[in-house]
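Visitor: sequence first, then the predicted structure, then my questions.
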Amino acid sequence: MNTTLQYRNELKFFVHPHQYMILRQRLKHLMKQDKHVGPTGEYHIRSLYFDDLNNKALHEKLGGIRDRSKYRIRIYNKEDSIIHFEKKIKFRDYIAKVKFPLTRDMYDSIIAGNYEVLHHPDHALMMEIYHEMNHNLLRPKVIVDYVREPYVCENGNVRITFDKELRTGLHAIDVFDRNLKPVRAIDENLMILEVKFDEYLPAYIQTALQLEGLNRQSASKYVMCRKFLKYNTWEDY
């Protein structure tokens, strides 16, 4: 394991509306809402995922490869005030994330195919992505869009989120496209529950998460949106 990265535990579950209501009722008395939520207690996330010529990230996930990584550009609430290029790293049962900010001009250049904006020899992650784009043809693949309801707890640095209305942007690659109308990529009744923590999950939160029928899943939003794209538009991987 690379000890310079902050690795965390990540557990994922599919939840139905009645399970959501029970869990939400329990958690809101034990945890605080994330400070970035809006009046509804949620915020919107839209990510543009990248993959290389061989769809390495997709096939490694489908193939059950435990140690893997993927790249994405992420925005919040459809605004350009915060734009991040991220690398999410999976190592055994742990995850880590490294990122750097993009300006809107940099983002627009990348979408236009001008990857020279990432050529910064003093920045390791930017140079890594620049290399991937030029040598392995890392390219935008799919937009992943959803609404997140987040809860946080300082003990164990716990973060629990309910991700709702998972949608795919189909063949669109511009997260700021005003005409983008993403479509559902998951059963309308399902949400994705994610539980992230550092070294331990407090016992009282573990108890709150105990619910009949709640089973851990391998729920990759990227894969679900790519598979939806394949099955509904005859895309070839």
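Guide: Yes, it's here. Residues are numbered from 1 along each chain as shown.

Visitor: wait, what's in contact with residue 117?
Guide: 105-106, 109-110 (Cβ atoms under 8 Å, 6 or more residues apart in numbering). In this view, the C-beta of every residue, glycine as well, is placed from N, C-alpha and C.

Visitor: quickly find the element holding residue 140.
Guide: Following DSSP states H and E, one finds residue 140 within strand 139-153.

Visitor: so how far is that strand off the chain centroid?
Guide: 5 Å (Cα atoms, centre = their mean, to the nearest Å).

Visitor: other SSEs contacting the helix or strand just after that strand?
Guide: Using DSSP H and E, the next helix or strand after strand 139-153 towards the C-terminus is strand 158-168. Counting contacts by 3 or more Cβ pairs under 8 Å, 6 or more residues apart in numbering; DSSP states H and E, strand 158-168 packs against helix 17-27, strand 139-153, strand 183-184, strand 191-197, helix 221-233.

Visitor: partners of the shortest one in the sheet?
Guide: Meaning strand 183-184. strand 158-168 (antiparallel) (DSSP bridges).

Visitor: name the residues of the strand holding residue 140 that are buried.
Guide: 140-151, 153 (16 or more other Cβ atoms under 10 Å).

Visitor: okay, now the sheet partners of that strand, with direction.
Guide: Short version: by DSSP bridges, strand 139-153 pairs with strand 32-33 (antiparallel), strand 43-51 (antiparallel), strand 158-168 (antiparallel).

Visitor: quick one: what helix or strand has the closest residue to residue 17 other than its chain neighbours in it?
Guide: In space, and not counting its chain neighbours, residue 17 is closest to residue 189: 5.9 Å by Cβ to Cβ, 6 or more residues apart in numbering. Element membership for residue 189 (DSSP H and E) is empty, with no helix or strand holding it.
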